[in-house]
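>>> can't give you the sequence, but here's the structure:
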Ligand SMILES: Cc1cccc(C(=O)O)c1OC(=O)C1CC1
Ligand SMILES: [Zn+2]
């Protein structure tokens with residue numbers, strides 16, 4: 001049982017209240033409800049100066065605001081994932097405060113990491129319901145925070161796609177960790193908050209089968225997200241397809257963990273617990289701002305070799321799975 005310190009800026013009082021989170025580390029979480037500044041000016045302000053708005057999470061209004069409660073509880077769960085599974089103390093490894101702001105803009109169909117904190121829109125009720133409601137969304141945004149404090153892959157083209165993929169991979173892993181080992185693996189992003197009126201349409205992005213999620217043919221002729229390097233998007237939209245080509249690396253990570261046959265190559269899965277160690281080591285030890293797909297493949301193979309060494313000159317099963325997975329998605 002750990003406690004959450006929540007400071008009420010309105011009255012200046014701070015208080016602790018219990019949280020179901022484990023790990024015992026007090027997390028100083030500030031959750032704001034954004035003034036209706038509108039999306040652009042608010043994002044600009046929060047990016048430039050950090051959000052100086054009035055914090056409104058008083059004891060009563062806090063619990064009356066489901067988005068604030070969701071952002072709060074999800075940030076604790078993700079923080080505990082990094083603490084428990086990777087011995088990482090918050091996003092910077094040094095106990096930085098977790099700050100979330102909800103109700104960004106008007107019906108904003110986005111969530112973001114602005115370099116300092118998590119931001120959540122309410123969604124328009126058609127494309128998205130309140131994005132703060134997605135635990136994997138919080139995991140995704142907070143992982144952008146971890147990335148910015150570690151390899152910090154440049155958010156453009158191939159390195160941006162690897163940035164996005166690492167955010168998806170740890171977003172999914174954090175959610176699966178919180179759901180407990182008894183629950184079935186769920187490798188989809190945003191499935192809890194995407195198209196609330198169309199259940200079962202595979203979430204915003206599927207890591208298990210990227211081709212399940214439709215994508216405008218303005219991006220790719222196939223009309224779906226790519227699951228092979230040869231089908232990557234090469235245009236300039238979406239900062240060079242950072243949310244599109246991420247699916248290629250997402251598929252590789254899924255195969256390493258769960259196994260499967262992909263374009264004629266069979267990958268024997270090595271479980272989530274080993275997969276997350278390999279990707280965390282790759283992120284914190286080998287990837288750099290310019291890392292693209294080729295470097296991602298090399299970092300994952302090297303991390304697997306470090307953690308699960310070759311035996312009598314033969315690669316371990318873990319290393320073999322990484323090699324086969326990247327071969328299967330056509331990353332050289
Ligand atoms: C919904 C959304 C729109 C634009 C950017 C992001 C972004 O954070 O890259 C975004 O959030 C996600 O992709 C999370 C996984 C649901
Ligand atoms: Zn992202």
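Cool, the structure landed. Because the structure is a prediction, the values reported are computed rather than measured. Ligands and ions are numbered 1, 2, ... in the order given.

>>> what's the neighbour count on the residue in the stretch 201-332 of the chain that ligand 1 sits nearest to?
Across the stretch 201-332 of the chain, the shortest distance to ligand 1 (Cβ to the nearest ligand atom) belongs to residue 204, at 5.2 Å. Backbone N, C-alpha and C define where each C-beta goes, glycine included. Neighbourhood size, residue 204 [other Cβ atoms under 10 Å]: 22.

>>> and it, how far is that from residue 314?
40 Å (Cβ to Cβ, to the nearest Å).

>>> correct me, but the residue of the stretch 201-332 of the chain closest to ligand 1 touches residue 189?
Yes. Between residue 204 and residue 189 there is a contact at 5.0 Å, judged by Cβ atoms under 8 Å.

>>> residue 266 belongs to a helix, doesn't it?
No. Residue 266 sits outside any helix when classified using DSSP: H, G, I helix; E, B strand; the rest coil, being strand.

>>> ok now do it, which residues does it touch?
Going by Cβ atoms under 8 Å, 6 or more residues apart in numbering, residue 266 touches 259-260, 324.

>>> then residue 190?
128, 131, 134, 136-137, 203-205.

>>> of the residues you listed, which belong to strands?
The members of the contacts of residue 190 that map onto strands under DSSP state E are residue 205.

>>> name only those of the contacts of residue 190 that count as buried.
128, 131, 134, 136-137, 203-205 (16 or more other Cβ atoms under 10 Å).

>>> could those go into JSON lines alongside pLDDT?
Output for the buried ones among the contacts of residue 190, formatted as JSON lines (pLDDT from 0 to 100):
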{"residue": "128", "pLDDT": "96"}
{"residue": "131", "pLDDT": "96"}
{"residue": "134", "pLDDT": "96"}
{"residue": "136", "pLDDT": "97"}
{"residue": "137", "pLDDT": "98"}
{"residue": "203", "pLDDT": "89"}
{"residue": "204", "pLDDT": "95"}
{"residue": "205", "pLDDT": "96"}
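
>>> okay, those residues in JSON lines with distance to residue 91 next?
Shown next, in JSON lines, are the buried ones among the contacts of residue 190 (distance: Cβ to Cβ, whole Å):
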{"residue": "128", "distance to residue 91": "24"}
{"residue": "131", "distance to residue 91": "18"}
{"residue": "134", "distance to residue 91": "18"}
{"residue": "136", "distance to residue 91": "16"}
{"residue": "137", "distance to residue 91": "15"}
{"residue": "203", "distance to residue 91": "24"}
{"residue": "204", "distance to residue 91": "22"}
{"residue": "205", "distance to residue 91": "22"}
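
>>> how about the helices of the chain, start to end?
Secondary structure of the chain (DSSP state H): helices at 39-49, 59-64, 66-86, 135-148, 157-179, 237-241, 246-258, 272-281, 293-307, 317-328.

>>> want to throw those into CSV with distance to ligand 1?
CSV is the format used below for those (distance: least, Cβ to the nearest ligand atom, whole Å):
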stretch, distance to ligand 1
helix 39-49, 12
helix 59-64, 24
helix 66-86, 12
helix 135-148, 4
helix 157-179, 6
helix 237-241, 9
helix 246-258, 9
helix 272-281, 17
helix 293-307, 17
helix 317-328, 22
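
>>> from residue 146, how far out is residue 166?
8 Å.

>>> out of these two, which sits in the busier spot?
Between residue 166 and residue 146, residue 166 has the larger neighbour count (other Cβ under 10 Å), namely 29 against 26.

>>> quick check, pLDDT for the more buried one.
Residue 166 is assigned 99 on the pLDDT scale.

>>> test my guess that residue 166 contacts residue 280.
No. Applying Cβ under 8 Å, one finds residue 166 not in contact with residue 280, separated by 9.4 Å.

>>> poorly predicted segments of this structure, please.
Across the chain, the ranges flagged by pLDDT under 70 are 1-64.

>>> contacting residues around residue 285?
By Cβ under 8 Å, 6+ apart, the neighbours of residue 285 are 299, 303, 306.

>>> just the buried members of those?
Applying 16+ other Cβ under 10 Å to these flags 299, 303 as buried.

>>> skip the chain neighbours and tell me the closest residue to the most centrally placed residue in the chain.
Ranked by distance to the mean C-alpha position of the chain (Cα atoms, centre = their mean), the top residue is residue 140 at 1.8 Å. Nearest residue to residue 140 in three dimensions, chain neighbours excluded: residue 171, at 3.5 Å (Cβ to Cβ, 6 or more residues apart in numbering).

>>> burial count for the one you found?
For residue 171, using other Cβ under 10 Å, the count is 27.

>>> how about the contacts made by it?
136-140, 143, 189.
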